[in-house]
Structure formats: C-alpha cells, structure tokens
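Asks: heads up, no residue letters with this:
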C-alpha cells in the first residue's frame, strides 16, 4: 500500500516557544517556490498558528497550546470549491494549492472549516502550510517545524493507511472536528487539554485547631451513580480530575481522608472548575 | 631566508594573487600609493612597492617619494616579522617595543597592510554546498547557534543546527535506572528564529543620516532633538562631523564624551561592545556608564554577603547539579524561576526528564509562568514583593518542628542563634509564623506548613531565579535583596551541597566539558582592555594583541545618566566583582579633574524600552548640556531619532565574527555554556554583503579612527574582521583538534562531552563535607580566603553567615545585617495616597519572544505572536496580562486597548485576560523597541509599549545603584484614544 505523509502533534509537549510558527514564516517570506507556494506576506500571515487554552481558576490553573495548520485532508472541502484544478492532492497525501491557477479564488479561503487557508491580498492567492513538500522532494527528511521544535511536539510519519490506523490506537490520536468528514492527516495527541474539563479542589482539615492541607485523601467523582474519575490529594491537599465532558450537568464528589470525609455536588458547564477549599469534617 | 628575497617575494605574491583571483585584482585599484619597507640599520636597505591604477611596480632600495614607510629596526627583525608562519606574540611584541614603526597616512597604511595579509584568505573556502546554488553557512544569535542558507546573495532560510553523525557523541546521564540523552540538534529561542526578518526589516538603517536642523558648525537646535526630521547623507560627511566633534570635545576636557551601550549585543566575540567598541573608545578616551548588575541585583547587593561568590555576582556554584538533581532530588521548588522564558530550551528538555522521573514540582511566582505551565505542579502565588515573608515562615516551621540540617548549621555557618531568635519573634515580638505571613503574602498558612514539611522530608533543589542558581525575577524588585538573601538562608538551613539538596533548576550544570577553552564574549576579544573585561584571565595570553587603556576615569551610574546630563551630581556604587565589599565604594560624577559630559555616542538598544523611569531619558536629549549625540544602530528604535547623526551598522549576518553559544566568561558568568546540551563553537559567517551602505561596527570605528590617525593602532596594522576571527579561533583549544581551514569550511565545532568519570563534582558538596573546594572555578581569589587556600567560603568567617559581617560594617537601612522582612515600596502603610490611587502591582519581566528589545522591531515576525503583541487597527500593541477580576472591574476584555499609568508615565497596551495571575497583579514585559508618544516626548502617553516609563528610578537599596523594576503600582483603564495624562512632578530627591 502507498505510504503517505501524516503529522502527529503532541499537545502535552508544546510550551508555545513559537519556534514552529517562526520557522514557517522564515521559510516562506521572501521565497517563491514555483509549483508549491508563492511567497507569503511579511506580516500577518500565520499559515501555522497556535491556539491557547487556559483552564481552571487560581490556584489550580493549566495552560496548553495547540499548533494548527492545513490538515491536508483526504476529503478536502477546499478541493470541492477550487476551479481549474487549482488544488491537487499528491500521491503522498500532501495538498498543494497551485500558486498560479488559484489566483483570485477567494472562495477557497472560506471553504476551509479549520480556517487554515490565508488570503494573500497582494498576490491574490489562497495560501496554506504545504507540509514543506518542496523540501521533502529535495532531500530534507522532515518538515521544518519538526526540526525546529525543541520538545518534539511534531512527528511526521510517512506510512500506509493501516499503519496509521494502528498508530491512532496505540498513540490515542484524534483529529480536529472528525464529524466534518474531512479526513485530516494531522493527528493530535492529548487533545483533552483543549476539549475536556478538569475539576480540582484543595482539601483541608482542622487539626488541633489549625487548618492543614490533607494529603492522601481519596477523591471519587460520580455521575449518575457511575464513577468517572478518581484521584488522591497531594501534599498540598490538591486534586485534579481531568477528561470530564464539558456541559455535562451534575456530578457528585466524595472526599474521604483519615480525619473525616465530605460530599459535594457540582455542575460542569463549558469550563473547568476549581471547587475551592473543601473541608473534611 | 635572505631578507632581500623575502621582500622581493611580496610584490610577486601580489601579482600572482591578482592573476588568480579577480577580486584581489579589483582591490588593487582602490588606491594609488608607494609603500616603502625600510631598515633603520643599515640605512638604505629596503624595497618599495608602487600601486598605480591597479598595476604593481617594485624596486630594491629606498624610493625618493614613498607615500608611507614601514620601518624595521634591523634585518633580523624584518625577516622574523615577514616570514610565515607568523607568530602574533612576536609581532605584537615588536610593535610594542618600537622594533617596527610606520610613517605616513594612516588609512593607506591600514589598507596596504590588510591587502598583503589578506592574500592567504583568497584560497580559503567556506560553507557547505547544498545544491541548486544554495550554500549553507553558520552564525550565532542570542537565542542559539544557527544554520544560514544563502542563494544569490540573499538569505533563503535560517534553522537550528542538526549535529552530523561524525560530530562527537552527546552526553548521557544515568538516573534512577533510566538513561537520558539530549536530541542531536541545537535549539533556538524566538528571537533567534526571527533573524531573517530582522536582517531584511523595513526598519533597517541603510545610510548615514543627519538631523535637518542640526549644524555642528552653526545652530544645533538641541531643543528639537527627537522631534526633527532626518536627511540621508554620505559616509564622508558623517565621518567628518563625528570625528570633528570628537576632536572638539576632547579639547573641552577629559571625559566630555560619553559612550552609552546596552547590556547586550548581537552574538559574537569580535563585534561585541566589550571588544571592537571598547578597543576603539579606549583609544579616544571616554566617560563610561557604570552598569548595575541588572540581572543579578538582589544577589549582588544582598545574597553575596552571606556566602561570597562575588565573581558570580552572588549566584551559586552550578557544577554537577543537573546530574545530581536528576539522580537524587525528590522535589524542585522553582522560586521566581522561569527559565523557559528567557534562556532558551536546552533546559526545557532536561526539566521534562525530571518530570518523567516523577520529581515533584512547586512553582512560586505571582504569575503561573511559562516554565510552571509547561511542567505542572503546585502553584503558589504571593503578592509581588512579599516572598521574603513567605520564606521566613518556612524557616519558622523548620525551627519549631526541628526539621532543618542542624549539623550543617552548627559546623558550617555562623549567626544562626540571632536568626532563630528573630524568626521566633524573640527580638521584636512578632513570630514569623505561617499565619503572620498570610497577612503579607495572601498565601494560606496551611500551604506554608505543607511546603515546609515536604521540603524538610524530601531532598529538594531550590531553583532560585531564572537560572536556578540566581538571576532574574524577584531579585530585580524593591525587596530583591531581601529575597535573594532568603534564598541562601533556605538553602543553608537544608544543608546545601548534600546529595539532592542544592540550588538549581536544571538550567545550569549540564555535563559538558568545563576545561576546554574557548573565549567567551566577556573576555574582551580584540579590545586589549584589561580593566573592563575578563581579558587578563586567558585571552590576553592566548590571543596576543595590543593593550588599550582608557585614560579617562569618569563614570556615571547608568540609571542616573539623565540626572547627570541635566546637571545634577550623582553618586553611585561600584559594580565590583573581585571582592564582596568592593560594592561599598562610592563613585561620583562629575569626577575630579574631568569635564562634564557634552557628547553622547549612543550604541544601539533603546533605553526608552529598557531603562527604569525612562521618560527621563527622553527629556535628557533636549538638555542644552548635550551638544552632540551620535546614534549607531542597526534598526530604527525608539531612541534612534533622539540624536544628531545616525550611523548605520549591520547585523552579524553581514560581517565576520566568531563565538560560542552562551559562553560569556570568568568574572561574569563562568561556564554559562553549561546551560547547553552541547558546546557549540560557531564561525559567524559573513553570509551576505552589508545591506545598503550599512557597515560593521568594526569598520565604522576603523573609519573614524583613520580620521584621527588611529587606524593602524585600532586595526593592529590592518587586520580585517576575518583575520581577527582566525586569531580568535587559533587561540582556543578547538584549533588543536580542527584546523582553521576546516573550521572555516564547516562553520562549527562541537566540543566532545565530558566523560562520566571526569565530570566535575557537585557544587558546594566540598563545603558541605568540610573539604577543599574541588570544582573548576578559579575563585575566590587567594586573597579572599580566610582559612588555608581553597578552604571555606568568601566570607570573613569562611563560613555561611546568617548575619553577614560585611553588612554590619556598612550602614544601608535597606540592607541590615539581619535580613528583616520590610514591606515593598509604595505600600498602603507607608504611602497610603499612592497605594489608593494606584491599586495594581505591575511585574515587568523580560519578554519571552524578544531578547530585551531585539526582535521587537516593527518589521520582525515576532510581532505576530499574540502573547507578545496584538494587532489592533494597523498597529501592534504590547500584550499586557491581567486577571479576570481586575478586567471585569474595568470592563476590559481580551484584545481591548488599555492604558497603564501612574505619576511617572502612561502606556497603551493590548489586554490579555488570564487566570494565571492572582487579582491585583499585572504582568507586562519590558520589550519595546518602539517609542511612540501621543504628544510631547517624555511627557505624554506612549503607544509603543515602553512600560519602563512606569518603573521607579529609586535604587534597589538606598546605598546601591541597582534597579527595582518589579512591583510598581499602577492603575489601568480602557484606552479612550485621547491622551489627557500629564506626569506628576514629584518632590523627592530621586527625580529630575
């Protein structure tokens, strides 16, 4: 079976150093790659962009980052609206918007549900991150963003469809908005930092009249009688239970430690929650 | 060989070179002259070489009308000087002792000597051929070393370096059953990765310029400086103005010229201000700025009194700490420590290993900083400036629960009894309990107890400051000295130097080779300056060159330059590193016998974006006392147009240089390259020609020098930058392994890692165990040991002093010997009016994406990073972080334009609402290359983002001249678009 390019992006590894963001700009400003991509504008064209998601509230907060770019979809919506064969899908899976044929076709920009196509006003071209096809075709082993990244967020893999299915399972990969049926070739690991909620709290107890953090308390979270998460408090009495569905209604929290226990209910809306100080009695 | 043959050979070599290399042939046409080589004894012996329209003619003996003469004392000296291989030490020696002298026009001598010396370089090849007309070169940035791909005279792309298979192996660290190896590539911070856009920025200065209403022979119109337009002029006119003004000012008196450089430079040893710049200005004689140790403040003015380490400006010993931490530590406490923000990503990889090993992490910072967010762990957010109270309460728990290293305290320290009494409240009636600190810091008492108990139970690494062993963050605030001192107290109470218990955050101390010599940028390179660099340690002997000395002794403390110029005598304190007490020595302006400064030669790096209370700088430029200002810069920055003449310098990519990544040098930051996973020495290729008419700093200084007959001295007889690179390279241990030719071609050299058995021992472990110092650090000086040489710390007792003896001899109310907690300035108790008017505390850390303001240029890619700047209506505004509560109270949402202000200044930024800040705290980086006053410069709201206009010029402690930029009080509101702000002219001594 033909091997095709895919990109795996591990969100946990990204710390927003912006190396990839700048590498794409470095590669494509001031450079025309005929047949692949025309020069991008000096400023404002973020072919690769980075989304930021902060969850929680003081003192339990986390922040994660997700690089996004053209997904080189197998069933690309942009290809459906392109005229004159302006967009081609290569045998190796990479999508190329022809920098000559695509001139004036602004509808290509709007067609992408991921917002990954940028419009170059000066050259009147829709433009995307091209998976560095021009480099891969000329001796480079991997796209620049992979070489640039100091924490191995990116892993490009040229594999068969079966091998990719396997990787999806073993690496627990997801794509953006799978329900759209676009069949992206960019896969994400640890996407729950963006799509799921956590609930956290600080468990305390009064010991000899003094408020202390409770370490080692058991946290159990139930929904409709089923356990959906469990944790043990750390030395600061803090716990964090992750991967809960947003906007999922009511939950029960049971906390039990050697000095006491407590129960609470909470509702999960769109955001993660810090339940505050939870005192054992 | 006979001298006559050697001399005859020179023009022959020139003819051959011209035949083979068209470029050399072209160069011969640049000047017509007759060069005479002559002996003093016997008279009449010699050879002349004439150049006319590029044609060479020559003859033996003495020409009747030579343009210039190079005299050799006798045959032996001439032969030795002119016969390869050239021994630089012998050549310099001959020149210093007048065995060789030169008569005639300085610029032609320089030109001719360089021509002859350059012949060899035409056979040199450089760069790696990548096919399709692309050459790959190497260079260096403040954010890491870099490959540069060039095609058709243009930079195609820049990337981090991938190590080749035949480059030395990387180190391995074995810890807890796992083996760790770093990736085989270098890393680049954002400000290193954006360099192509900096080189080609529309903000590059490409031709010299002059202010339209400035006439150095007539009306200077000083009152318009910063407001007038500029017009482009030719180099000849620019050099004429600058050199004549230098001559005029020298006649006014010694020290009338002041040079003002920033704290940093583009990377590279030769072009650095400690090198080419210092060399030049020593030959002129100038007043200089005394920089405060601005990254170290609290460590320098405070911490070092407890344990010495003056040559590290008070920071801790980093040796072996990466391995020790990974192998032994159970917890890491990052205290005001955000290495991922400012120090690249080599350490990030190592901290991920620590996370993999299950080492617990705690982050103490008012902001959930970048390192904290990436690693996770417990976040403790004290109110800015109150950390000391928190730290004291930790010691309270250790003392009351008896969980500190009693043996270490007893054997290796002094003063503990007094410290203990204070913590327990026996002296002032205030026990420094967890409940007491809660009132100051906002941190729940229970968290203090939990952390103190964890710390006592677990082997803990204290990552104090950005480097983990010092520097940055809380040390640069009003309570910075208190805080840094507390860090050493905490470390001492838990037995610093025992396995797994030390200072560090995996940033410093990687197991690279620490004995392999390559000069760092602080070692002065070609400067010849033994007084203001670490030149005397290694470089001066390894790369023999001529000494230069600044005969002018006048110095102005940098943070009070505006006051000094505007006519107020200023007192500062010496940033001494050779002893702990050197910092007590006052220095004053004006200095006895010296003239007042009336000319400033400003060298890059806009002060408006970096200096505290920077509106003062703006106003300074219109002072009638300042007759002439030159600004030598690469890019148009906020301060550039506050000048009379602008000289265009080029980037490192347009000139030759050489450097090693993060190698600074002894007496400043020794072994800083231990932050890297590999030691990488880069040739910094001249990848493209200088853009427009910009020149390298070296060439600019040489051009001015020639106007003053200093060209031959400055260039040491016509050395070009490439020749200096060769000399620098051959002075290092790398040349023993890889020839200059090979290095020139390949562009980089990787130093093999230190084998496991010979890695240096862990810092301070020798002290913990009561042995002699056994780490490769050449200090303290022998004179600063009180026990036998190599025994004990650099303190009067030789031990760690809880109550520093040195501070007891110096009366600074903000640095009492007993490290009391004193509330940060502008607090509700001491200054209720200010505190009521300005309820928010502002942190001004360094930017993550620009290096100070390098990278913040209007033409730079970095501006598209939303966490740095946000584009609103065609302008990129600096990003300012605030909490949801503070935002909601002011009806502020993400990306809204907001105004930050207080009595000193007013700035417009773009809002970023985040839960990563506790309410009441603002975080906005000092990073603005741009100054854009809405009205009168220095007296109106700045739209560019120079948040430093808000910070105070009060020194960190009364008797110092350190800065305290963090923790200033401000208020914020949505920007209305109309500027109504006016500065409040306060009454205190500290303001102009």
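Replies: Noted; the coordinates are in hand. Values in this document were obtained by computation on a predicted structure and should not be read as measured data.
Asks: from now on I want contacts and neighbour counts done on CA atoms only, so please keep to that.
Replies: Fine.
Asks: neighbours of residue B:12, just the number please.
Replies: 14 (other CA atoms under 10 Å in any protein chain shown).
Asks: what is the burial count for the residue of the stretch 801-950 of chain B found nearest chain A?
Replies: Going by CA to the nearest CA, chain A is nearest to residue B:915 of the stretch 801-950 of chain B, at 5.6 Å. Look at residue B:915: counted by other CA under 10 Å, it has 23 neighbours.
Asks: which bits of chain A sit near chain B?
Replies: Residues of chain A lying near chain B by CA under 8 Å from any CA of the partner chain: A:13-15, A:17-19, A:22-23, A:25-27, A:30-31, A:42-44, A:46, A:54, A:56-64, A:147-151, A:211-213, A:235-236.
Asks: so which of these sit within strands?
Replies: A:54, A:56, A:57, A:60, A:61, A:62, A:63, A:64, A:211, A:212, A:213 (DSSP state E).
Asks: can I assume residue B:119 is in contact with residue B:14?
Replies: Yes. Residue B:119 is in contact with residue B:14 according to CA atoms under 8 Å; the separation is 7.4 Å.
Asks: still on that earlier bit, of the ones in strands among the residues of chain A next to chain B, closest to chain B?
Replies: Distances from chain B to those, taken by CA to the nearest CA, are shortest for residue A:212, at 4.8 Å.
Asks: hey, which strand is longest across chain A?
Replies: Every strand in chain A considered (DSSP E), the longest is strand A:197-207.
Asks: tell me what it is packed against?
Replies: Where contact means 3 or more CA pairs under 8 Å, 6 or more residues apart in numbering or on different chains; DSSP states H and E, strand A:197-207 is packed against strand A:49-57, strand A:210-213, strand A:238-244, strand A:273-279.
Asks: how about the longest one: buried residues?
Replies: What that stands for is strand A:49-57. Neighbour counts over strand A:49-57 (16 or more other CA atoms under 10 Å in any protein chain shown) mark A:49, A:50, A:54, A:55, A:56, A:57 as buried.
Asks: want to try TSV for the residues you listed, with pLDDT as columns?
Replies: Formatted as TSV, the buried residues of strand A:49-57 follow (pLDDT from 0 to 100):
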residue	pLDDT
A:49	97
A:50	98
A:54	98
A:55	98
A:56	97
A:57	95
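Asks: distance check, residue B:899 against residue B:906.
Replies: Here the criterion is CA to CA, to the nearest Å. By it, residue B:899 lies 7 Å from residue B:906.
Asks: the two: which is more packed in?
Replies: The neighbour comparison of residue B:899 against residue B:906 (other CA under 10 Å) goes to residue B:906, with 31 against 24.
Asks: pretty sure the more buried one sits against residue B:979.
Replies: No. In this structure residue B:906 lies outside contact range of residue B:979 using CA under 8 Å: 9.2 Å.
Asks: so what sits against both of these two?
Replies: Residues touching both residue B:906 and residue B:979 (CA atoms under 8 Å, 6 or more residues apart in numbering or on different chains) are B:940, B:941.
Asks: report the secondary structure state of residue B:34.
Replies: With DSSP: H, G, I helix; E, B strand; the rest coil as the basis, residue B:34 sits in strand.
Asks: quick one, what contacts it?
Replies: Applying CA under 8 Å, 6+ apart to residue B:34 gives the contacts B:48, B:49, B:50, B:51, B:65, B:66, B:67, B:68.
Asks: most surrounded residue in those?
Replies: Highest neighbour count within these, by other CA under 10 Å: residue B:48, with 24 neighbours.
Asks: can you pull the contacts of that one?
Replies: Residue B:48 neighbours (CA under 8 Å, 6+ apart): B:34, B:35, B:36, B:37, B:58, B:59, B:60, B:61, B:62, B:63, B:66.
Asks: tally of neighbours for residue 149?
Replies: In the absence of a named chain, chain A is used. Residues lying near residue A:149 (other CA under 10 Å) number 23.
Asks: you answered for a different chain; I wanted chain B.
Replies: Burial of residue B:149 is recorded as 21 neighbouring residues (other CA under 10 Å).
Asks: skip the chain neighbours and tell me the closest residue to it.
Replies: Once flanking residues are discounted, residue B:149 sits nearest to residue B:136: 4.4 Å by CA to CA, 6 or more residues apart in numbering or on different chains.
Asks: bridged to the one you found, which residues?
Replies: Residue B:136 has these beta-bridge partners by DSSP bridges: residue B:128, residue B:149.
Asks: where in the stretch 1-150 of chain A is pLDDT low?
Replies: Low-confidence segments of the stretch 1-150 of chain A, defined by pLDDT under 70, are absent.
Asks: quick one, helices of it?
Replies: A:19-28, A:77-81, A:107-111, A:133-136, A:144-148 (DSSP state H, counting those that start in this stretch).
Asks: packing partners of the third one?
Replies: Looking back up the chat, that one is helix A:107-111. Under the contact criterion of 3+ CA pairs under 8 Å, 6+ apart, helix A:107-111 touches helix A:77-81.
Asks: flag every buried residue along the helix it packs on.
Replies: For helix A:77-81, by 16+ other CA under 10 Å, it's A:77, A:78, A:79, A:81.
Asks: ok, the first one to residue A:115 distance?
Replies: Think residue A:77. Residue A:77 is 11 Å from residue A:115, by CA to CA.
Asks: quick one on the thing from earlier: got a markdown table for the contacts of residue B:34, with secondary structure too?
Replies: Supplementary listing: the contacts of residue B:34 in a markdown table, determined by three-state DSSP:
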| residue | secondary structure |
| --- | --- |
| B:48 | strand |
| B:49 | strand |
| B:50 | strand |
| B:51 | strand |
| B:65 | coil |
| B:66 | coil |
| B:67 | coil |
| B:68 | strand |
